[in-house]
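*Asks:* Give me a 3D structure for the following:
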Amino acid sequence: MNAHMISFWGCETNPYANPDTANNGGGYSQPSGGILVALENGEYLTVTVDDMSCGDFGSRIGWTIDSSDSRRWGGCYGTMDDAMVDNDWTEESLDSVSGVYGIDARAMLHDALFAVALAVTMNRCRDYVRRQRVGGNLHRSTC
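*Replies:* Purely as a prediction, here's the structure:
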């Protein structure tokens with residue numbers, strides 16, 4: 001079955017996110033957001049992701065997939081050694097989504113992570129441009 005991403009959104013949830021301290025200094029980027037996917041059968045899937053990774057300490061990604069026919073799947077995967085991470089649960093849930101809709105749920109989750117990161121970057125650029133306004137003039141700069 002064909003699936004098309006029709007919308008995406010995201011925001012940075014760590015107010016201290018800073019690329020200079022992102023490895024083990026607390027400035028980890030921890031985006032949260034999602035995508036809306038239209039399926040060729042007329043149904044929709046909403047994929048939400050919460051990246052709770054901590055730089056050199058490991059990754060931890062929580063996710064949910066909600067369907068317009070009231071089904072819900074979820075999981076948490078990564079390399080961090082804590083109670084939230086359950087890679088087996090994630091694999092089983094993704095297999096179920098793929099089986100029900102005939103789509104590649106892993107690719108869809110990957111696309112959601114990429115889209116949320118892009119939305120965070122776009123928001124960061126928008127905020128940067130807003131700070132560059134001087135006397136009503138927009139000073140162009142690169143983000």
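
*Asks:* In the protein, which helix is the longest?
*Replies:* Counting residues, the longest helix in the chain under DSSP state H turns out to be helix 105-131.

*Asks:* mind listing what's buried in that one?
*Replies:* Within helix 105-131, the residues that count as buried by 16 or more other Cβ atoms under 10 Å are 105, 108, 109, 111, 112, 113, 115, 116, 117, 119, 120, 123. Placement of C-beta: from N, CA and C, glycine included.

*Asks:* Low-confidence regions, the protein specifically.
*Replies:* Confidence mapping of the chain against pLDDT under 70 gives the ranges 124-143.

*Asks:* what are the ranges of the helices in it?
*Replies:* Using DSSP H, helices in the chain cover 87-101, 105-131.

*Asks:* Tell me which of these sits nearest to residue 49.
*Replies:* With Cβ to Cβ as the measure, helix 105-131 is the member of the helices of the chain nearest residue 49 (5.2 Å).

*Asks:* Tell me how far that closest one lies from the chain's centre.
*Replies:* Helix 105-131 has its C-alpha centroid displaced from the chain centroid by 8 Å (Cα atoms, centre = their mean, to the nearest Å).

*Asks:* Check which helices and strands that helix is in contact with.
*Replies:* Judged by 3 or more Cβ pairs under 8 Å, 6 or more residues apart in numbering; DSSP states H and E, the packing partners of helix 105-131 are strand 3-12, strand 31-39, strand 44-51, strand 60-67, helix 87-101.

*Asks:* Could you export these as CSV, including mean neighbour count?
*Replies:* Output for these, formatted as CSV (neighbours: other Cβ atoms under 10 Å):
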stretch, mean neighbour count
strand 3-12, 16
strand 31-39, 21
strand 44-51, 20
strand 60-67, 19
helix 87-101, 16
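
*Asks:* Let me know which of the ones you listed is the nearest to residue 74.
*Replies:* Within the helices and strands packed on helix 105-131, the stretch nearest residue 74 is strand 60-67; the backing value is 4.3 Å (Cβ to Cβ).
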